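Student: what follows is a predicted protein model with its sequence.
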Amino acid sequence: DVKVTQSSRYLVKRTGEKVFLECVQDMDHENMFWYRQDPGLGLRLIYFSYDVKMKEKGDIPEGYSVSREKKERFSLILESASTNQTSMYLCASSFLRTSFTKNIQYFGAGTRLSVL
Amino acid sequence: DQQVKQNSPSLSVQEGRISILNCDYTNSMFDYFLWYKKYPAEGPTFLISISSIKDKNEDGRFTVFLNKSAKHLSLHIVPSQPGDSAVYFCAARNTGTASKLTFGTGTRLQVTL
């Protein structure tokens, strides 16, 4: 069974704090992703990584950065948290796209972040 | 620019009846489509997918239909069960990009007794 584990289910932070969200997967997946989910907006991609130390911006990267030092771990960093970053954050992982894989992304349970 | 749209935010269906969830897309480069189900306080889980070379894929009670000319796909659940109550997201893969998926905004399905 694929397991994607997010370090926290709930977090409460203050405006201006630096926030780290951690994600670990145990399937040796090459790709890892960070999304945020907001009502009426669906899942929006923040950043993704297709290899260690490699990253690409998603649709809404502003205010975020990421780190991937090991294949199994992908961190999302809010450099200076703001109230508009209050959201549900979801991490996912998948195999690298080939003609033989379905590119199914497997998700963690999510971290609900509140920035006060 | 919402490339994948789910125009119905919610849907209520009686147990045993058919649930039909719809999804429209605008990008002709999408070549693979997926449906995910999400329960509250859990991450989305993969449900069923379809390649753009097919027009139908079936897995038990779940069937996905793809109409490429209309850029429309739908998920049919027959018969609907109370445990199907969840938010359903459709997602699409662009043939020109690596492994990214573009998700719709979701439809909340409630199956009533």
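Tutor: Cool, the structure landed.
Student: tell me which element the residue in chain B positioned nearest to chain A falls in.
Tutor: Chain A sits closest to residue B:43 of chain B, with a gap of 3.2 Å, by C-beta to the nearest C-beta. Heads up, the C-betas are built off the backbone N, CA and C, glycines and all. Using DSSP states H and E, residue B:43 sits within no helix or strand.
Student: pLDDT at it, what is it?
Tutor: With respect to pLDDT, residue B:43 scores 93.
Student: hmm, it is touching residue A:107, no?
Tutor: Yes - between residue B:43 and residue A:107 there is a contact under C-beta atoms under 8 Å: 3.2 Å.
Student: for these two, list the residues in contact with both.
Tutor: Residues touching both residue B:43 and residue A:107 (C-beta atoms under 8 Å, 6 or more residues apart in numbering or on different chains): A:4, A:90, A:92.
Student: and those residues as a markdown table, adding pLDDT, distance to chain B and secondary structure?
Tutor: Supplementary listing: the shared contacts of residue B:43 and residue A:107 in a markdown table, determined by pLDDT from 0 to 100; distance: C-beta to the nearest C-beta, whole Å; DSSP: H, G, I helix; E, B strand; the rest coil:
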| residue | pLDDT | distance to chain B | secondary structure |
| --- | --- | --- | --- |
| A:4 | 95 | 7 | strand |
| A:90 | 97 | 6 | strand |
| A:92 | 96 | 8 | strand |
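Student: what number of residues lie near residue B:23?
Tutor: 26 (other C-beta atoms under 10 Å in any protein chain shown).
Student: so what's it up against?
Tutor: Applying C-beta under 8 Å, 6+ apart, we find residue B:23 in contact with B:4-6, B:33, B:72-75, B:90, B:104.
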